[in-house]
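Student: build me a model:
(4 chains)
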Number of protein chains: 2
Amino acid sequence: MMKATIYDVAREAGVSIAAVSQVINGKGKISEERRAAIVSVMEKLNYKPSVIAAALTGKKTYTLGLLVPDISNPFFAEIARAVEDQGSLHGYSIVICSTDNRDERGENYLSLLEQKSVDGIIIGTGMGGKDMLEKLLAKSVPIAAIAREMSGYDVETVVINDYEGGRLAARHLIELGHTRMAVLAESAKIPSSQERIRGFRDELAAAGLELPPEAVRASERDLVKDGKRNAAALLDSAERPTALFCCNDLLAIGALQGAKELGLRVPEDVSVVGFDNTILASVTDPALTTIAQPTDKLGQLAVDLILGKYEAEPPKQTGASKQRIVLEPALIVRQSTSQPAGRSN
Amino acid sequence: MMKATIYDVAREAGVSIAAVSQVINGKGKISEERRAAIVSVMEKLNYKPSVIAAALTGKKTYTLGLLVPDISNPFFAEIARAVEDQGSLHGYSIVICSTDNRDERGENYLSLLEQKSVDGIIIGTGMGGKDMLEKLLAKSVPIAAIAREMSGYDVETVVINDYEGGRLAARHLIELGHTRMAVLAESAKIPSSQERIRGFRDELAAAGLELPPEAVRASERDLVKDGKRNAAALLDSAERPTALFCCNDLLAIGALQGAKELGLRVPEDVSVVGFDNTILASVTDPALTTIAQPTDKLGQLAVDLILGKYEAEPPKQTGASKQRIVLEPALIVRQSTSQPAGRSN
DNA sequence: TTGAAAGCGATACCAT
DNA sequence: ATGGTATCGCTTTCAA
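Tutor: Just a heads-up that it's a prediction; the model follows:
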């Protein structure tokens, strides 16, 4: 059985393909009877218009590309799910592209997506190679940044307030009475990570506390493993910190493991704060206190932005051609944080 | 800047579009000089052939659909990553489709994928509504089942030996000395879950142990939460089991939480075995003993099967038109299992 | 209302 | 070796 085409339907219904096209798209003028007849033939033939053919005539492909570092990282899997759901609401499919933060992979995917004429690209990964990106922008392919700032480019953006996220973590720890803290960071190339640290540091400073540079350790590849190593290094000193702020949950898990290895209890001996509030945070023991990103909202807005379905509530500021939405993070307190040892109740 | 077309290239190079097509596809006969000239024009114009247009003439779309229950479930996210990587190797993109195990969502996605003329569909989720599926099969759209049996359909299949997985879990527990065990299952509709239980039960029987029906509890929606509740119910009795076999890691996490809530220690008071060996299993405390599925291999083979790039080593059995690959699971021992309390060393 | 016909961008067959 | 052209399935004027 071959796939039925618009010609088959037209022939079978005894009308022109133009008529069939009308009913497919619900435009133009057709008598009710004709329309009904055509519809019934379409069903009988199990006819489905080809998106491919339609796209060629200038219509949409109803496909969006989503670039993330790694779809198997729970945070991005959650983002992907949110993007998928919102896209699906508007009839769009999502093509996943895991870049591993490698520039050439990002470039390749971008090029591929262009050839496939996707209707938009949502980027949640760093883009080192800017070439491809600029070409796409020049060809006016809609692009949106999600959860990751794309500084220097005029693209639709939806991110969280990473700076505030860092402050939230700091404030929580300060309120618990911690005074000596350290942080586990992602690669220095990742702006959001830097912002989180800046917020953390500023809030500490406001409380008269300091975060020396050597108290910040960056991890590159295997976040859990590197986090563990870095945490161990940080904690294995006489003047060890009583709390660790980790720039994502994976690092926090590494911290948990590092502490355990040193025979330190969490949170009694050392408090740990994560970031992202992925499923991982709720599953560790102790469960992680972490900063939540509203992944659903992020995905939703990214899709709406790219589809032009989102209109700023306050009349768009003149000048800025692209929108920029900043969502607020939230502190989720679980069991990995407490007062530092030796501090009375 | 508009996207350049084959006509632009032809005009700019002073040749026919046929010639350009030749060099794009590397076929036909063209003199070296001409080819070089055309290539350089293509670069200059930043020309990329449209996959859409090519697909319309009967070529491939280089897109594969992947149906899973939920991409934000770590197991399927890992599967997706494997499929993506292997697809990418052959120039294919992957469209993700999370069905939530809802039949109508599955049907919708199937229909959408058909309209988009994907070159194949990999299914890792139950398909209740068989309608769409049969239509696709009739239209000879390549379909492969991954990690999930699609009984009754003649499709390429790559699964693990779930039965053996269940036996591995049982054997491990039996060797540790457990005699009273229970299991946390997924919905009864999921065949792989049933197979795991069957294997578990058979192995128990072989050791003269029994697994009464009431010792098997199924969870439906929120696996962690349901697992917790079911585990608590199972463990809150005088004759409580000393070990729990859970049909996936999410359920095992629920079991961990349920045990904790009752003040039971894992593994001292109760051993827990998971299934899938997702990242979650390595992150819990205690880390989960679990049965590993080779997700990379599964994804790789599913793609190869659907692309027809996989040839059975032993000359294909006559009769069976589709291949069926069964991979072996492996026991990963971590810290959630030990001898039952009261048993001497 | 309805239908004929001109594209959309690429492929492939067939002359030249 | 090279180019003309029909074709893929659908959308969209433009006449009738």
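Student: touching stretch A:99-108 from outside, list them.
Tutor: A:67-70, A:97-98, A:109, A:125-129, A:131-132, A:187 (CB atoms under 8 Å, 6 or more residues apart in numbering or on different chains). C-beta coordinates here come from the backbone N, C-alpha and C atoms, glycine included.
Student: pull out the buried residues from that stretch.
Tutor: With burial defined by 16 or more other CB atoms under 10 Å in any protein chain shown, the residues of stretch A:99-108 counted as buried are A:99, A:101, A:103, A:105, A:106, A:107, A:108.
Student: between which two of these is the distance greatest?
Tutor: Pairwise distances across those (CB to CB) peak at 13.6 Å, for the pair A:101 and A:108.
Student: check pLDDT for the contacts of stretch A:99-108 and point me to the minimum.
Tutor: In terms of pLDDT, the lowest of the contacts of stretch A:99-108 is residue A:129, showing 70.
Student: can you get me a residue count around that one?
Tutor: Residues near residue A:129, counting by other CB atoms under 10 Å in any protein chain shown, number 15.
Student: how far away is it from DNA strand C?
Tutor: Going from residue A:129 to DNA strand C by CB to the nearest atom of the strand, to the nearest Å gives 23 Å.
Student: secondary structure element holding that residue?
Tutor: Under DSSP states H and E, no helix or strand contains residue A:129.
Student: now swap in the one 4 residues further on and tell me
Tutor: In this structure, residue A:133 sits in helix A:131-138 according to DSSP H and E.
Student: quick check, that helix touching chain B?
Tutor: Yes. Using CB under 8 Å from any CB of the partner chain, we find that helix A:131-138 touches chain B at A:135, A:138.
Student: mind checking how far that helix is from the chain centre?
Tutor: With CA atoms, centre = their mean, to the nearest Å as the basis, helix A:131-138 stands 21 Å off its chain's centre.
Student: ok, now stretch A:138-153?
Tutor: With CA atoms, centre = their mean, you get 13 Å for stretch A:138-153.
Student: does it reach DNA strand C?
Tutor: No. Against DNA strand C, stretch A:138-153 shows no contacts by CB under 7 Å from any atom of the strand, the least distance being 11.6 Å.
Student: which residues does the helix holding residue A:133 contact?
Tutor: So helix A:131-138 is in contact with A:106-107, A:110-111, A:114, A:121, A:127, A:143, A:153-155, B:1, B:46, going by CB under 8 Å, 6+ apart.
Student: before we move on, what about stretch A:214-227?
Tutor: Under the criterion CB under 8 Å, 6+ apart, residues A:181-188, A:197, A:230, A:233-234, A:241, A:246, A:248, A:250-255, A:257-258, B:282-283 lie in contact with stretch A:214-227.
Student: now do the buried residues in it.
Tutor: For stretch A:214-227, by 16+ other CB under 10 Å, it's A:215, A:216, A:217, A:218, A:219, A:223, A:224, A:226, A:227.
Student: and of those, the nearest to residue A:25?
Tutor: Nearest member of the buried residues of stretch A:214-227 to residue A:25, counting by CB to CB, is residue A:223, at 48.3 Å.
Student: quick check: the closest one vs DNA strand C, distance?
Tutor: 41 Å.
Student: list the contacts for whichever residue of chain A sits closest to DNA strand D?
Tutor: DNA strand D sits closest to residue A:6 of chain A, with a gap of 2.8 Å, by CB to the nearest atom of the strand. Shown in contact with residue A:6 (CB under 8 Å, 6+ apart): A:17, A:20, A:21, A:24, A:47, A:49.
Student: what about the first one, how many residues nearby?
Tutor: This points to residue A:17. 14.
Student: OK, contacts around the closest residue to residue A:81 other than its chain neighbours?
Tutor: Setting aside the residues directly before and after it, residue A:81 is nearest to residue B:72 in space (CB to CB, 6 or more residues apart in numbering or on different chains), at 4.0 Å. Counting by CB under 8 Å, 6+ apart, residue B:72 makes contact with A:74, A:77, A:78, A:80, A:81, A:279, B:98.
Student: test my guess that residue A:276 contacts residue A:294.
Tutor: No. Contact criterion CB atoms under 8 Å: residue A:276 and residue A:294 do not qualify, at 10.8 Å.
Student: these two: who's more crowded?
Tutor: More neighbours surround residue A:276 than the other of residue A:276 and residue A:294, with 30 against 16 (other CB under 10 Å).
Student: understood, closing this out.
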